[in-house]
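Chemist: any chance you can model this:
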Amino acid sequence: MGIISWIILGLLAGAVAKILLPGRDPGGLVGTTLIGIVGAFLGGWISSRFLDHPISKDFYDLPTWISAVGGSLVLLVGYRLIFGNSRD
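Modeler: Numbering: from 1, shown residues only. Modelled structure (predicted):
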């Protein structure tokens with residue numbers, strides 16, 4: 001997959017992570033979107049580096065999607081823990 005595919009995957013993974021972990025985020029829509037993109041890259045890197053799952057060339061590879069959503073969830077939870085709910 002190319003860089004554009006990873007960005008699209010990150011946008012979708014961020015949306016899925018937001019659905020799985022609802023609530024108000026300190027960064028709003030833009031922050032959640034960026035967390036999704038970075039989470040997709042992080043999840044793909046962890047998957048290929050530590051879990052011995054090479055990065056697939058196929059956009060519809062289920063383990064790639066799981067790692068992207070997992071990375072987005074980890075970053076979203078970490079972001080909420082660090083910055084809290086500053087939108088009160």
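Chemist: name the next helix or strand downstream of the helix or strand that residue 35 is a member of, please.
Modeler: Here residue 35, judged by DSSP states H and E, is contained in helix 28-49. Where DSSP H and E defines the elements, the next helix or strand beyond helix 28-49 is helix 62-83.
Chemist: could you list the buried residues of that next one?
Modeler: Neighbour counts over helix 62-83 (16 or more other Cβ atoms under 10 Å) mark 64-65, 67-76, 79-80 as buried. (C-beta placed from N, C-alpha, C; glycine too.)
Chemist: over to stretch 31-41?
Modeler: Those would be 32, 33, 34, 35, 36, 37, 38, 39, 40, 41, for stretch 31-41 by 16+ other Cβ under 10 Å.
Chemist: can you lay out those as JSON lines showing distance to residue 84?
Modeler: Compiled in JSON lines, those are given as follows (distance: Cβ to Cβ, whole Å):
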{"residue": "32", "distance to residue 84": "15"}
{"residue": "33", "distance to residue 84": "20"}
{"residue": "34", "distance to residue 84": "18"}
{"residue": "35", "distance to residue 84": "15"}
{"residue": "36", "distance to residue 84": "20"}
{"residue": "37", "distance to residue 84": "22"}
{"residue": "38", "distance to residue 84": "19"}
{"residue": "39", "distance to residue 84": "19"}
{"residue": "40", "distance to residue 84": "24"}
{"residue": "41", "distance to residue 84": "25"}
